[in-house]
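>>> pasting the sequence and the predicted coordinates here, then a few questions.
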Amino acid sequence: MLTLYLTGGCLIWYIFPMFVTHLECCRCGQTYESEQVTNLCRCGSPLLVRYDLEKVKASITKDRLALRKPDLWRYRELLPVKESENIVSLGEGMTPVLHLRRLGAGLGLSNLYMKDEGLLPTGSFKARGAAVGVSRAGELGVEAVAMPTNGNAGGAWSAYCAKAGIKSIIVMPASAPEIHRKECAVAGAQLYLVDGLISDAGGIVARAVAQRGYYDVSTLKEPYRIEGKKTMGLEIAEQFSWQLPDVIVYPTGGGVGIIGIHKALKELQQIGWIGDKLPRLVAVQAEGCAPIVRAWQKKQAESEFWPDAKTVAFGLTVPKALGDFIVLRGLYETEGCGVAVSDEDIIEAVKTLAGEEGLFICPEGAATICAATQLANDGWLKPDETVLLLNTGCGLKYTDTLSVDAPVLKPGDDLPDL
Ligand SMILES: *Cc1c(COP(=O)(O)O)cnc(C)c1O
Ligand SMILES: [Zn+2]
């Protein structure tokens, strides 16, 4: 096993002068060559991209990094795309970290921050995964991809595939917000709706892939999407001047976001850019679909399928995530936790954040505020700790979740007294 690994690593290094060495199964440790199109390990678990981190460390310094363009490709030594000409970009990365002064004061948290991923192309953090995933797929010669989605991933992959000239086949629940159908369709994806959940869409895609040879880019079934999402963790470290927050709170569906952040921070530790202590990772789910939170409460290594999953935070409607055990490992390793929040509180939090901080965020992002509120009340969050919430998408995509009553005037009417 050891020799295989070493030989494999060296061989690949000589052939490809890049920093990726191989792919590695996150369950059984089996290694794979990274220059061919690959999905899961033979044992059925996701593969992670591994790098020669010594070489990365010798090639780039924090000071040189600081001079680069503010997009996610500034971290190219830790990304899997070999040739810059294969990069498919819509200008993704370096989203703002904002101090939530008013909201934080209300919760007794003076160092409460939000990283706003709603400003990315296609309006969600899924753009990061799509940018890197599509770039790498194109580099490996893929011509058609297929994926199940709750919406935002479909929108992002459709857009990046359009730019790359790669065909995209997207299957999403008919109950997903309508905006997602439109963004896929307008970008030229072949769009199918299924009367069921993302797990049902996944079954349809799996059969199509087996029969027609499309590249299956379902969550965690290919290794590169996570590398894109990893850049959230790299950005967080850089934006906090390499002094990490105490806690990172993430709305968790398939889990790629939180797994990616954790992977980023561990890689940064290995190149010696951050210290030993990692932030406590918090996975937030909705009460109507909280398989990972339930597993965490029971101290289990894996989650169980959540029947009748339903929540207004549609991106969190994942009844059983393929990478649940990796998310849970991250929560245990960092002494983090899982928190489930109600739809009512989520809708309220969308309004609070817009009213107090001027940020119109998605319901999934709002779920992190509900979680922070619970954890501050429980004393799990200490008043002076630095807490970073991730808003994963733009509220402008979710106008249907809010209703607004405004008085209607006729021309010539006067405004009533306040
Ligand atoms: C996909 C999605 C999530 C969940 O992200 P995972 O990486 O699958 O856990 C959260 N919020 C929004 C807006 C999403 O689109
Ligand atoms: Zn394996």
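Now that the structure is in, tell me what you want to look at. Ligands and ions are numbered 1, 2, ... in the order given.
>>> tell me how many other residues surround the residue in the stretch 101-250 of the chain positioned nearest to ligand 2.
Nearest residue of the stretch 101-250 of the chain to ligand 2 (CB to the ion) works out as residue 223 at 12.2 Å. Quick note: C-beta positions are derived from backbone N, CA and C, even for glycine. Neighbouring residues of residue 223 were enumerated by other CB atoms under 10 Å; the total is 25.
>>> now do the contacts for the closest residue to ligand 1 within the stretch 101-250 of the chain.
Among all residues of the stretch 101-250 of the chain, residue 152 sits closest to ligand 1, at 3.2 Å; criterion: CB to the nearest ligand atom. When contacts are counted by CB atoms under 8 Å, 6 or more residues apart in numbering, residue 152 touches 122, 123, 124, 126, 180, 315, 392, 393, 397.
>>> same thing but at 10 Å, please
Residues counted as contacts of residue 152 (CB atoms under 10 Å, 6 or more residues apart in numbering) are 122-127, 129-130, 172, 176-177, 179-180, 183, 253, 314-315, 362, 364, 392-394, 397.
>>> distance between stretch 257-264 and the chain's centre?
Relative to the centre of its chain, stretch 257-264 is centred 8 Å away, using CA atoms, centre = their mean, to the nearest Å.
>>> please apply the same query to stretch 51-63.
The chain centre lies 24 Å from the centre of stretch 51-63; the measure is CA atoms, centre = their mean.
>>> could you export it as CSV, CA atoms only?
In CSV, the C-alpha atoms belonging to stretch 51-63 read as follows (Å, rounded to 0.1, in the frame of the first residue of the first chain):
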residue,chain,number,x,y,z
TYR,A,51,-1.5,17.7,-3.6
ASP,A,52,2.2,17.8,-3.0
LEU,A,53,1.9,20.3,-0.2
GLU,A,54,5.7,20.6,0.3
LYS,A,55,6.0,21.7,-3.2
VAL,A,56,3.1,24.1,-2.8
LYS,A,57,4.7,25.6,0.3
ALA,A,58,8.0,26.1,-1.6
SER,A,59,6.2,27.8,-4.6
ILE,A,60,4.1,30.6,-3.1
THR,A,61,4.3,33.0,-0.1
LYS,A,62,1.5,34.9,1.6
ASP,A,63,3.0,38.2,0.3
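>>> how about residues contacting it?
The contact list for stretch 51-63, computed with CB under 10 Å, 6+ apart, reads 9-10, 12-13, 17-22, 68, 74-80, 227, 237-238, 241-242, 266-273.
>>> let's see it at 8 Å
The contact list for stretch 51-63 (CB under 8 Å, 6+ apart) reads 9, 13, 19-21, 77-78, 238, 242, 267, 270-273.
>>> could you do stretch 399-408 as well?
Stretch 399-408 has contacts (CB under 8 Å, 6+ apart) with 177, 178, 312, 347, 350, 351, 363, 416.
>>> let's see it at 7 Å
Outside of stretch 399-408, the residues that reach it under the criterion CB atoms under 7 Å, 6 or more residues apart in numbering are 177, 312, 347, 350, 363.
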